[in-house]
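okay, sequence plus prediction incoming.
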Amino acid sequence: MKPITELLKKRNSSMYQVAPDVVVFDGLKLLAEYGVGAMLVMDSSRMVGIFSERDYTRKVALQGLNSREITVADIMTPDVISVGPATGTRACMSLMSQNKIRHLPVVDGSKVLGLISIRDLMDDIIAEHEVTISQLQSYISG
């Protein structure tokens, strides 16, 4: 089981973020521009929450609110589940599954190192399986 920091090193190091006082509509535009489903909500260098498409659909669209009148802070998920840099990838997958979340910040103390998505973990697992299959095929044919 490899630490999650190895996965962070392999992927795009961009850590998309939004300020809590940004209106939701502008936050949605950022999600679309970056092609991501969630962003960290950062107040200076401090993580104060996570803002996702799920937050928007459940807390704005279904409630009939106007995304141009409320801020990201009004709808973000403030109690963010996160992991440390030594956490294994399988433990991250389990944590995401148990909590029904798709994004997991990696933090070291108060410093945010990155944001891992379920897609990142799935891509890593698939790559691992492909290597194992290739090794087994070589062993069998060799």
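Arrived safely.

give me the neighbour count for residue 67.
Neighbourhood size, residue 67 [other C-beta atoms under 10 Å]: 16. The way it works is simple: take the backbone N, C-alpha and C, and place the C-beta from them, glycine included.

begin at 15 from now on, thanks
In the new count, where the first residue is 15, that last one comes out as residue 81.

list the contacts of it.
37, 38, 39, 42, 70, 74 (C-beta atoms under 8 Å, 6 or more residues apart in numbering).

which pair of the residues you listed spans the longest distance?
37 and 70 (11.8 Å; C-beta to C-beta).

give me the more crowded residue out of these two.
A side-by-side neighbour count of residue 37 and residue 70, using other C-beta under 10 Å, places residue 70 first with 20 against 16.

check that one and give its pLDDT.
Residue 70 carries a pLDDT value of 96.

for residue 110, see how far away it is.
20 Å (C-beta to C-beta, to the nearest Å).

check contacts around the residue nearest to residue 131 when sequence neighbours are not counted.
Once flanking residues are discounted, residue 131 sits nearest to residue 117: 5.3 Å by C-beta to C-beta, 6 or more residues apart in numbering. By C-beta under 8 Å, 6+ apart, the contact list for residue 117 reads 51, 52, 64, 66, 129, 130, 131, 132.
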